Every structure is written in C-alpha cells, then in structure tokens.
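K.L.:
just the structure for this:
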Amino acid sequence: MLPRRACQTSFVRRFRASPPTEVGPLIAGIGIAAVAYGTKLLIEAASNPKFQEAVRETASAAAKAASDTASAARQAAAAKPAEPAATKEPRSYFTTDVMGVDLGEGSKDWSGGCAAVYDGEAARVVENEQGQRLTPSVVAFQDDGETLVGQPAKKLLFSRSAISVSGHQLLLGVPYDSPECRDFLDSSPASYTVAAAADGKAAIQVHGVLHSPSDIASRPLSQLKANAERAMGGRSIISAVIGMPTAANDAVREAIGAAARRAGLQQLELLPAAVAAAMAAEEELGKPIAEASSLGVLELNGRSSAFSVLGRTAEPLAWEVVVGKRQRRHGAEQLEGMLVAHLVAEFRQTEGIDLSSDHLAMQRLHEAAESAKMQLCSSLQASVSLPFITADINGPKHMDVLLSRARFAGIVAPALEGMLSICDEALAAAAITPSDLDAVLVVGGAARAPPLIELVESYFGRAPLRTERPEESVALGAAAHARQLQALQYGA
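P.N.:
Below you'll find the model as predicted:
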C-alpha cells in the first residue's frame, strides 16, 4: 500500500490531467457529498439532549440581559429632569444639487425645455446629448411600441409611423370642457387626439391609451434632469425650481408637481416664469432692471404668450406678480407655421402640386422654415432651398425661395400681433398704461426676431429689454432662485 502522501500526490496529478468534461462532475459529486455529510451532523446535533439544553440556556440568558438593560434605561430616564421640547427645524427643500427648469411649450429650438445649474458662482445652461442648449418638448410614440423624447422625437413630427405629442404643457391641469382646452384645440394643429379623462381633465389619447399631460410632460423633464446630472459629474439631482406659467391656478401647480414626481424629483419649488426671467435679466443686464420699480414682462412661448406686471418685493425674490394674463391662441411656433403655409400655397400656385399631404415634404419644409426664421434674426434675407421636394410625371420638383426680412414680417404679422394682444388685457387689469411701466422685458426665443421687437417698441413707446439668450432666461432665473434659497438655508 502506498503512503498517504503518495496517494494524495497521485490524486492531484490525475485530477490536473483530467479533461474538463470529467472534472466538472467530480467537483459536483464532492460538493453534494459535503452537503449531505454536513446535514447529517446537524441532524445528529439537533437530536442530542445536551445540545438542546445548551441552546435553551443561551436563549434564556440573552433574554434576561436584554430585559435588565431596558429596565436600567427606563430608570435612568425617569431620574433625569425633563428638558424643554426642541424646536423643529424647517424642512429643507434643497439639500442636494438643484436645477432650474423651463418646461418649454413646443418642438422648436426657440420653444423647447431648458435646464440650468449653478457651477461655482454662476448659473449655466446644460446641454443635451446632441450638444444643444434647448431640448424640444416632444414625445413620439412609435407604432412598434418604442417611445422617443426630445430631438429624436422632433424628427418624427410628420411621420406616419409615429404619433408625436407637443404643446401638451398647455393642457396641464386643464378641464376638457374649459375655454382653455377649446382654444388649444382650435389653434394647435395636433396630430393626436385630446379626450376627457375620468376626472374630467383633458388627456391625450395615443394608440387607444389615455395619457395625462403630467405623464407626457414628465418625459422631457426626465431628460432635462439627466442632462443636468451629467453636467454635475453624475451626481443625483432630486430638487428643482420650475418656472410655472403665468396665471397658473392650483390645478396647474398640482399637475406640474405630478410631472416632477414622475421624473424623479422629490423636492420642488414653483416660481412664476415672469419673475424667473426678471431675476435672470437683472443679473445679466444690471442697472436697467435694478433701477426699475415696475416691470412689464412679455413671454413669447411656443404655443402661447403672456404679459405680467411685476412690482418690487422683499428678498429673496425681489419681484412679485401684480397682474398676469395668458392666452393660448397665438405663440412663437405660429411663425414657422405661417411661413410653411405661405410656401405651400406658393408652390401649389407655381407647380400645381399640394405638398400639405406629403409627410416627408412637410417635415423638410418645417425644418427649412425654422432655419430661415433664425437666419433672418441676423440677416436681411434667407434662402429656402429644398431640392427634390417632390416629383410628378415630368420629373423631380425643387423649391428655391429667397426670403427678405420685410417679406417674412408681412407673412407672420397676424401671429406677431396676436402674441402682443395679451398686453391690452393685462394692462387694463392693472389699471395702468404702457407709459406707467419703468421698463419692458421680452422673454422667449421669438424676442430675437426684429419684426417683433419693432412691434413691441411701437406699442410701448420704448425699446424693450432682452438678454443675450432670451429663450434661456426662465431656466437661469429659476437656478438663481434655487441658489438664493440654499444661501438662506445654509448661509452658503
């Protein structure tokens, strides 16, 4: 018989030389044998009277020790003199990184959502994954079940394989049978169906399913949150200050809160968009805003416009809304819509072809109109060049239109006048005239359009103020307010 050492060495050599197909079952067999042997030992120990008695004695001693400790603690507490109740600290809303948000109202670069954070001593707007500072507030529900948000969804606005939803912010907290909902339906060329939910509020029907506006709004907001977290080095953001629409009631506030919770925000402060814009403008423009005691703020949103009369108040806001009015019939996105309608009518007249039923052509037309509108903000003319826009039996057709700023102003004049019409209602409610205001601030991407600035200057009798990037004012002001709240709380 070989010695034990030699047997072990021989076994190890054979084990190493064995192919994997044999080693696997061998190891499994050893494991099963070990488990069986361990179970046998536990059963024998549990049936041993001495082992059972030892377990009972140990449990009894532990229970007695716990009882003695609790009794001693009660006696010590009874002997200690009572102390006055501690004052409850106010709950902090901003214990982590916080972002300022403008939810946006539409699908264009001027009317999308925007998020800003404080980086050091200054607020900055964060970019999305496409490198853009504003994210289109669009949600596209594709026929294959996939849902896209932001820029990818914008590309499907006129697709036949998806239902794209934008402008849903105007339906937040709005009853289906209200004048606000009717104005939205009359003025918005929506590709989706608006229906009444069980609670009577307006809901959006997509592929036979009703979605609340809060649910739809939470999706672009989630993307803004992700952009801000990426800009902050991956730190989680659960707090936000959101610019809320002018004249928002409790139902609208509640709907915005529901959207924020769905997006993963746990702590929320709502700030009037006009106040947020005024705070951002005061920080950027300085003296013209700082010396004003009354300020008119004209908000040019994607699907609506609003005018607010602001007055001075105590810190931290510095401004309060005296009167605010909002209308849902005219918005900045009408500028592209009217230009596209004009180009379609002109092409029909010259070529005899109606492009309005061609989804691909309409997508290209809207993109070209948006580009031309932005180009005309800094140039006196822009070109709308769309080769192979369509075709007929005679071959391909092209669109090549040279558009002057004056011609553009004439085409979109009804939309510009409609956005400005809300000023009459707000000034009448405040019982003041345009000359009673110390300054007028124009907010929103459409504030870049020279024809609109000329119209505002004519109405108020003075040149309006605007920041360098007026479409970012609400988000930057919201971020500034969040910073103020943190400073008040922590002395930061």
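K.L.:
so where's the stretch 351-492 of the chain shaky on pLDDT?
P.N.:
Within the stretch 351-492 of the chain, the stretches with pLDDT under 70 are 490-492.
K.L.:
90 - rerun?
P.N.:
For the stretch 351-492 of the chain, the stretches flagged by pLDDT under 90 are 357, 394, 482-492.
K.L.:
quick one, phi/psi of residue 203?
P.N.:
Dihedral pair for residue 203: phi -130, psi 160, per degrees, to the nearest 10.
K.L.:
confirm for me that it is in contact with residue 194.
P.N.:
Yes. When contacts are counted by CB atoms under 8 Å, residue 203 is listed as touching residue 194 (7.2 Å). C-beta: built from backbone N, CA, C; applies to glycine.
K.L.:
more neighbours, the two?
P.N.:
With neighbours defined as other CB atoms under 10 Å, residue 203 and residue 194 compare such that residue 203 has more, 24 against 19.
K.L.:
for the more buried one, which non-adjacent residue is spatially closest?
P.N.:
Excluding the flanking residues, the one nearest residue 203 by CB to CB, 6 or more residues apart in numbering is residue 197, at 3.9 Å.
K.L.:
tell me the confidence at the one you found?
P.N.:
Per-residue confidence (pLDDT) for residue 197: 94.
K.L.:
got it, and residue 272?
P.N.:
95.
K.L.:
can you show me the strands along the stretch 101-250 of the chain?
P.N.:
114-119, 122-125, 138-142, 147-149, 162-166, 193-196, 202-206, 209-211, 239-244 (DSSP state E, counting those that start in this stretch).
K.L.:
wait, what's in contact with the most centrally placed residue in the chain?
P.N.:
Most central in the chain under CA atoms, centre = their mean is residue 221, positioned 2.2 Å from the mean C-alpha point. The contact partners of residue 221, by CB atoms under 8 Å, 6 or more residues apart in numbering, come to 101, 103, 113, 259-260, 262-263, 265.
K.L.:
ok, which pair from these is furthest apart?
P.N.:
Spanning the widest gap among the contacts of residue 221 are 113 and 262, at 14.7 Å by CB to CB.
K.L.:
which of the two has more neighbours?
P.N.:
residue 113 (25 against 17).
K.L.:
roughly how far does the residue lying closest to the more buried one once chain neighbours are set aside sit from residue 465?
P.N.:
Spatially, and ignoring its direct neighbours in sequence, residue 113 is nearest to residue 104 (3.6 Å; CB to CB, 6+ apart). Distance, residue 104 to residue 465, by CB to CB, to the nearest Å: 22 Å.
K.L.:
can you give me the strands in the stretch 351-492 of the chain?
P.N.:
Secondary structure of the stretch 351-492 of the chain (DSSP E, counting those that start in this stretch): strands located at 381-392, 395-404, 439-443.
K.L.:
partner strands of the second one and their direction?
P.N.:
In its sheet, strand 395-404 lies beside strand 381-392 (antiparallel), with partners assigned from DSSP bridges.
K.L.:
and the partner strand, how far out from the chain's middle?
P.N.:
On the basis of CA atoms, centre = their mean, to the nearest Å, strand 381-392 sits 34 Å off its chain's mean C-alpha point.
K.L.:
just stretch 161-177 next, same as before
P.N.:
Distance, stretch centre to chain centre, for stretch 161-177: 15 Å (CA atoms, centre = their mean).
K.L.:
what comes up buried for it?
P.N.:
Using 16 or more other CB atoms under 10 Å as the test for burial, stretch 161-177 gives 162-176.
K.L.:
could you identify the most distant pair in those residues?
P.N.:
162 and 175 (28.3 Å).
K.L.:
related to what we said a few turns ago, wait, doesn't the residue nearest to residue 203 sit right on residue 212?
P.N.:
Yes. Between residue 197 and residue 212 there is a contact at 6.6 Å, judged by CB under 8 Å.
K.L.:
what about the residue nearest to residue 178 when sequence neighbours are not counted, how many neighbours?
P.N.:
Leaving aside its sequence neighbours, residue 178 sits nearest to residue 202 (CB to CB, 6+ apart; 7.9 Å). Neighbours of residue 202 under the rule other CB under 10 Å: 24.
K.L.:
likewise for residue 273?
P.N.:
Neighbours of residue 273 (other CB under 10 Å): 31.
K.L.:
please name the nearest non-neighbouring residue to it.
P.N.:
Using CB to CB, 6+ apart, the nearest residue to residue 273 is residue 243, at 3.9 Å.
K.L.:
what about the one you found, distance to residue 184?
P.N.:
To residue 184, residue 243 is 20 Å away according to CB to CB.
K.L.:
before we move on, what about residue 410?
P.N.:
Distance, residue 410 to residue 184, using CB to CB: 27 Å.
K.L.:
neighbour count winner among these two?
P.N.:
Between residue 410 and residue 184, residue 184 has the larger neighbour count (other CB under 10 Å), namely 22 against 12.
K.L.:
all helices of the stretch 201-350 of the chain, in order?
P.N.:
213-231, 250-262, 273-285, 287-290, 333-351 (DSSP state H, counting those that start in this stretch).
K.L.:
for residue 481, which of those is the nearest?
P.N.:
Of the helices of the stretch 201-350 of the chain, nearest to residue 481 by CB to CB is helix 273-285, at 6.2 Å.
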